[in-house]
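**Student:** Okay, here's the prediction I keep looking at, along with the sequence it came from:
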Amino acid sequence: MAGLAVSGGGIAGLAAALAASRAGHDVTLFSGSTPAVLTGGVQIAPNGWAALESLGLAESARAVSLRLNDITVRALDSGVTLIRLPLDAPYASFDRAALAGLFDTALSATPGLSRHSANLRHIHQQPAGVTLITDDGASHCAAGLIAADGGGGAGRHHVASNGSAGVLQRKVAMRAQVPLDSLPAHFALASSNLWLGRGVHVVHYPIGAMLNLVVTMPASRVVDGWQQRVIPATSPLAVLANADITWVRTPLAMAEAASCWRRGRVVLAGDAAHSMPPHLAQGAGQGLQDAASLAHHLASADDIEAAFAGYVRERAGDVSRIVQKADVSGKIMGLSGPAAHLRDLALSMGGPRLMQSWLAEVWAADPKLA
Ligand SMILES: Cc1cc2nc3c(=O)[nH]c(=O)nc-3n(C[C@H](O)[C@H](O)[C@H](O)COP(=O)(O)OP(=O)(O)OC[C@H]3O[C@@H](n4cnc5c(N)ncnc54)[C@H](O)[C@@H]3O)c2cc1C
């Protein structure tokens with residue numbers, strides 16, 4: 001029987017390729033014609049860790065990540081702490097490239113895996129498999145395709161009627177990495193920090209020797225000198241308004257799960273299935289959970305279509321709630337004026353319990369993945 005194909009060289013594609021191999025399939029990975037841009041940090045929450053555990057990578061992941069002790073939410077203007085949520089379950093920050101490197105290392109030691117640096121251009125379904133045409137003109141046969149080629153990839157177009165995932169027009173993320181030794185010592189604390197301002201929020205946490213920094217703000221406010229306008233001079237973050245920091249403007253995905261996750265022998269995973277803005281720090285974690293679920297269903301179902309159907313039954317409903325929650329979280333974080341004042345008041349009154357109950361469903365992992 002032809003092996004399985006996986007498209008996408010991001011976290012979800014690499015994880016899905018490992019999952020399919022672990023389930024006993026020969027795998028051809030089409031990792032895209034341009035190398036994935038894996039810069040900046042990513043936080044992996046307890047659900048992502050459960051998935052790493054079930055894929056056999058938790059130990060190596062611990063070695064390349066920084067365990068974070070708490071999530072602290074503060075007011076950007078005053079520095080007042082609104083909530084401090086201690087983290088008992090595993091929660092850590094990674095350099096994205098290091099997280100991808102774990103999968104690269106595991107995949108290079110996997111027999112029956114071949115990699116092609118090509119984009120899928122056409123996908124043709126047949127009764128017993130798929131024929132895939134890549135942008136270098138080659139044709140490949142496979143028993144099925146796990147399409148993890150992102151919100152704008154060929155897989156999503158083939159499977160879902162809502163085509164490419166959209167990009168938020170009104171909001172952008174400005175990202176930067178700053179050496180920790182150039183900043184006051186408290187920035188190096190093993191903590192995930194969220195600062196809520198008026199229409200703006202800032203997230204930072206350490207990764208290795210660097211501070212990973214994301215400022216989410218209205219696109220209309222990204223003008224020369226935005227840093228000084230957005231980060232008040234009286235804020236404890238004022239040091240980050242330093243003109244020497246190089247910022248990278250990053251578009252944010254809309255919260256938009258695919259209308260359908262499977263068409264015959266093609267199934268979606270990662271952002272291809274569930275693009276969402278990063279306000280819950282869940283996109284990559286959900287991609288890892290997809291892979292763990294695929295490994296389980298591919299190992300236990302009688303055939304590829306049954307395995308894909310089982311995976312979709314398990315994942316699609318759960319993830320669509322998380323996509324919506326990411327959207328709502330972003331709206332709450334982006335409040336301004338009196339609504340922002342009320343938000344801060346409600347958060348400080350609700351405290352860690354409020355945050356815990358908001359995140360409980362998001363961080364819950366399928367018990368059979370552990
Ligand atoms: C500012 C920011 C912060 C974030 N923070 C977090 C966080 O803390 N925690 C978290 O879990 N998530 C976070 N995310 C979300 C996370 O980065 C994404 O959800 C995740 O990287 C998506 O991975 P993916 O592999 O599904 O898709 P992508 O990373 O988009 O990978 C898709 C891959 O497919 C390839 N490709 C495209 N077209 C084709 C084709 N036709 N054929 C073959 N290959 C193709 C591309 O080259 C690419 O390699 C954040 C996102 C942003 C923007």
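**Tutor:** Noted; the coordinates are in hand.
**Student:** Where does pLDDT dip in the stretch 151-300 of the chain?
**Tutor:** Segments of the stretch 151-300 of the chain classed as low confidence (criterion: pLDDT under 70) are not present in this model.
**Student:** which stretches of it form helices?
**Tutor:** Counting by DSSP state H, counting those that start in this stretch, the stretch 151-300 of the chain forms helices over residues 154-159, 226-230, 283-300, given from the N-terminal end onward.
**Student:** I'd like the ones you listed as TSV, with mean neighbour count and distance to A309 appended.
**Tutor:** Glycine gets a C-beta too; all of them are placed from N, C-alpha and C. Below are these laid out as TSV (neighbours: other C-beta atoms under 10 Å; distance: least, C-beta to C-beta, whole Å):
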stretch	mean neighbour count	distance to A309
helix 154-159	23	13
helix 226-230	17	47
helix 283-300	25	8
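**Student:** Any idea which of those gets closest to the ligand?
**Tutor:** Using C-beta to the nearest ligand atom as the criterion, the shortest distance between the ligand and the helices of the stretch 151-300 of the chain is 2.0 Å, found for helix 283-300.
**Student:** can you give me how far that closest one is from the chain middle?
**Tutor:** Going by C-alpha atoms, centre = their mean, to the nearest Å, the spacing between the C-alpha centre of helix 283-300 and its chain's C-alpha centre is 14 Å.
**Student:** Name the next helix or strand downstream of that helix, please.
**Tutor:** helix 304-333 (DSSP states H and E).
**Student:** Please point out which parts of the host helix or strand of L145 sit buried.
**Tutor:** Secondary structure assigned from DSSP H and E places L145 in strand 144-147. Across strand 144-147, burial judged by 16 or more other C-beta atoms under 10 Å covers G144, L145, I146, A147.
**Student:** Can it be said to contact the ligand?
**Tutor:** No - figure legend: strand 144-147 not in contact with the ligand (C-beta under 6 Å from any ligand atom); closest approach 8.0 Å.
**Student:** That strand - contacts with which helices or strands?
**Tutor:** In terms of contacts (3 or more C-beta pairs under 8 Å, 6 or more residues apart in numbering; DSSP states H and E), strand 144-147 is packed against strand 4-7, helix 11-22, strand 120-126, strand 129-134, helix 154-159, strand 266-268, helix 304-333.
**Student:** could you redo these as JSON lines and give each row distance to L342?
**Tutor:** Formatted as JSON lines, the entries for the helices and strands packed on strand 144-147 read as follows, by distance: least, C-beta to C-beta, whole Å:
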{"stretch": "strand 4-7", "distance to L342": "45"}
{"stretch": "helix 11-22", "distance to L342": "37"}
{"stretch": "strand 120-126", "distance to L342": "48"}
{"stretch": "strand 129-134", "distance to L342": "52"}
{"stretch": "helix 154-159", "distance to L342": "38"}
{"stretch": "strand 266-268", "distance to L342": "38"}
{"stretch": "helix 304-333", "distance to L342": "11"}
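**Student:** before we move on, the earlier item: want to throw the helices of the stretch 151-300 of the chain into JSON lines with distance to S275?
**Tutor:** As requested, the helices of the stretch 151-300 of the chain are arranged in JSON lines below (distance: least, C-beta to C-beta, whole Å):
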{"stretch": "helix 154-159", "distance to S275": "9"}
{"stretch": "helix 226-230", "distance to S275": "26"}
{"stretch": "helix 283-300", "distance to S275": "7"}
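**Student:** Could you say which one of those helices comes nearest to I44?
**Tutor:** Of all the helices of the stretch 151-300 of the chain, helix 283-300 sits nearest to I44, with 5.5 Å by C-beta to C-beta.
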